[in-house]
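# need a 3D model of the sequence below.
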Amino acid sequence: MALFTQLDADLVSNLVELASSPDCPDDELTIDEASFLDGSAQDRHVYASFEQGAWPASPDRQTWVREVVCRVGKGRMHESARSLWARIHFEGSNGAEDDYVLGMRVDGKEHIEWYEEQLSRGLALHDGVCEVWVPPPPPEKLKKDAWWSKHYLKPGHEDGSISYQTYRTYIDDVILDAIQDFDALPLNGRVLELCAGDGAFMERLLGRRPDVASYVFVERNADLCRRARDRCASAIVEGLCVDACDTATWDMIEPPDVVIASGSVLCGQVGSPAMAEPVLKAVAALLKPTSLFVVTGFTQSYLNPALLARHGLEVRRGSVSTDAVGGLSSGFGRFHLLALRRRAAPLEPSLRDALLPPSIEESVRKVTISE
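So this is what the prediction gives:
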């Protein structure tokens with residue numbers, strides 16, 4: 001234990017001592033939603049919170065890290081080169097005396113990489129809520145249905161089958177883990193899956209949970225929809241061969257216990273920035289207070305804190321370790337996986353507020369989403 005305590009304290013010391021400046025204004029931490037959606041900035045943000053004493057910041061364990069928020073990107077206020085801005089919230093056994101926040105700026109490519117490496121080690125050592133926000137690359141021409149039916153599924157095509165196998169080998173497992181960890185699927189539960197592809201994940205989930213009472217999937221591609229129906233032919237399975245962006249067709253869907261959007265229109269390569277909010281709004285309207293909405297994908301998602309806040313959703317899990325997904329990384333040693341639920345109560349002020357525009361930050365703390 002002493003070894004790990006010393007390691008923890010050394011990590012924190014590295015994070016503090018590497019700072020080029022104590023300057024870390026709000027404007028340098030906020031997620032710019034417009035540039036996030038169009039992919040023009042390619043900033044990386046992380047927010048993590050830890051239970052009391054979970055990450056010791058001193059060898060005697062009397063001070064600990066409570067929260068961390070960080071952005072890597074170009075300077076906004078003074079047009080600086082790419083830098084890293086961070087705030088660390090400390091707490092300690094002396095109460096208010098040990099309750100303080102350090103802000104810092106780190107300059108220089110090598111120093112930024114070293115800081116991110118140290119922070120990644122800290123995030124890997126300690127359990128907590130860790131959100132990683134990285135935009136998809138700038139939108140490009142979407143692939144036609146024929147490509148998804150052929151190259152995406154066919155072994156040997158490096159541009160498609162590698163990502164398909166990554167879903168089957170790693171990503172499906174972390175989704176199933178989230179459903180289990182949050183005890184989200186009750187006996188005779190209901191599932192909705194967006195952009196279900198050939199039904200491979202549906203087959204996995206139903207094999208693990210044969211008690212599911214209803215599984216509705218949405219898949220625009222007629223060939224993939226047929227494969228999914230054939231793969232999971234059952235009276236409880238209903239396949240909607242429609243575009244997931246056409247949310248008007250969802251009127252007949254009963255509120256699900258679990259919604260899965262893995263590699264869906266909420267992610268780059270499949271969806272578009274313009275449709276992310278309408279689709280999210282439609283899903284949020286379907287959710288029960290106990291429903292779990294899981295969003296992930298080989299490509300980053302268009303979802304961001306402001307978008308979630310506008311539709312009354314809160315993050316219960318924001319990422320998993322890169323080790324859980326074969327080394328895939330969104331940044332900071334993490335891979336994006338959002339486990340979302342309806343916000344049941346106003347949020348307490350935290351370092352995460354810096355990610356949000358001021359108007360949304362205030363509304364999130366004041367508004368309770370009714371059941």
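# checking Gln165 next. Helix, strand or coil?
At Gln165, secondary structure determined by DSSP: H, G, I helix; E, B strand; the rest coil is helix.
# and for it, the neighbour number?
A count of nearby residues for Gln165, using other C-beta atoms under 10 Å, gives 12. (C-beta placed from N, C-alpha, C; glycine too.)
# what's the pLDDT at it?
Gln165 is assigned a predicted lDDT (pLDDT) of 82.
# relative to Cys225, how far out is it?
Per C-beta to C-beta, to the nearest Å, Gln165 is found 21 Å from Cys225.
# helices of the stretch 201-350 of the chain, start to end?
For the stretch 201-350 of the chain, applying DSSP state H, counting those that start in this stretch gives helices covering 222-231, 273-286, 305-310.
# for Pro256, see how far away Val279 is.
Applying C-beta to C-beta, the value for Val279 to Pro256 is 15 Å.
# where does the stretch 101-250 of the chain dip in pLDDT?
When residues are selected by pLDDT under 70, those of the stretch 101-250 of the chain lie in 139-161.
# in the sheet, who's paired with Arg342?
Legend: beta-bridge partners of Arg342 under DSSP bridges are Leu313.
# could you count how many residues lie near it?
Residues within reach of Arg342, counting by other C-beta under 10 Å, total 18.
# residues contacting Gly331?
With contact taken as C-beta atoms under 8 Å, 6 or more residues apart in numbering, Gly331 is in contact with Arg44, Val46, Val72, Glu116, Val132, Val134.
# burial count for the residue nearest to it when sequence neighbours are not counted?
Leaving aside its chain neighbours, Gly331 sits nearest to Arg44 (4.3 Å; criterion: C-beta to C-beta, 6 or more residues apart in numbering). The number of residues packed near Arg44 is 18, by other C-beta under 10 Å.
# in the stretch 51-200 of the chain, which spans are helices?
Secondary structure of the stretch 51-200 of the chain (DSSP H, counting those that start in this stretch): helices located at 109-125, 145-150, 161-166, 172-181, 200-208.
# TSV for these, including distance to Ala339?
Listed next are those as TSV, based on distance: least, C-beta to C-beta, whole Å:
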stretch	distance to Ala339
helix 109-125	17
helix 145-150	26
helix 161-166	19
helix 172-181	5
helix 200-208	15
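# residue contacts, the residue nearest to Gly331?
The neighbourhood of Arg44, defined by C-beta under 8 Å, 6+ apart, consists of Arg71, Val72, Gly73, Val132, Trp133, Val134, Ser330, Gly331, Phe332.
# cool, and Tyr100?
Shown here is Tyr100, whose contacts under the criterion C-beta under 8 Å, 6+ apart are His89, Phe90.
# and the pLDDT for it?
Here the pLDDT value assigned to Tyr100 is 89.
# who's it bridged to?
Beta-bridge partners, per DSSP bridges, of Tyr100: Phe90.
# could you do Ser49 as well?
Residues found in beta-bridge contact with Ser49 (criterion: DSSP bridges) are Glu67, Val129.
# I'd guessed it sits against His126; true?
No. The criterion here is C-beta atoms under 8 Å, and Ser49 misses it with His126 at 10.4 Å.
# Asp230: how many residues sit nearby?
That count, for Asp230 with other C-beta under 10 Å as the rule, works out to 11.
# and the gap between it and Phe201?
Taking C-beta to C-beta as the criterion, Asp230 is separated from Phe201 by 15 Å.
# could I get the full set of strands for this structure?
Under the criterion DSSP state E, the chain contains strands at 44-49, 55-56, 63-74, 82-92, 100-107, 129-133, 190-194, 214-218, 237-240, 258-262, 292-296, 313-321, 334-342.
# can I get these in a markdown table including distance to Val12?
Compiled in a markdown table, the strands of the chain are given as follows (distance: least, C-beta to C-beta, whole Å):
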| stretch | distance to Val12 |
| --- | --- |
| strand 44-49 | 13 |
| strand 55-56 | 8 |
| strand 63-74 | 6 |
| strand 82-92 | 8 |
| strand 100-107 | 10 |
| strand 129-133 | 16 |
| strand 190-194 | 40 |
| strand 214-218 | 46 |
| strand 237-240 | 50 |
| strand 258-262 | 35 |
| strand 292-296 | 30 |
| strand 313-321 | 20 |
| strand 334-342 | 19 |
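# what's the closest of those to Ile179?
strand 258-262 (5.8 Å; C-beta to C-beta).
# which helices and strands does that closest one pack with?
Contact here means 3 or more C-beta pairs under 8 Å, 6 or more residues apart in numbering; DSSP states H and E; on that basis strand 258-262 packs against helix 172-181, strand 190-194, helix 273-286, strand 292-296.
# how about these in CSV, adding mean neighbour count and distance to Leu102?
Output for the helices and strands packed on strand 258-262, formatted as CSV (neighbours: other C-beta atoms under 10 Å; distance: least, C-beta to C-beta, whole Å):
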stretch, mean neighbour count, distance to Leu102
helix 172-181, 18, 32
strand 190-194, 25, 41
helix 273-286, 18, 34
strand 292-296, 25, 32
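# between the ones you listed, which one is nearest to Arg121?
Smallest distance to Arg121 across the helices and strands packed on strand 258-262 (C-beta to C-beta): 20.7 Å, for helix 172-181.
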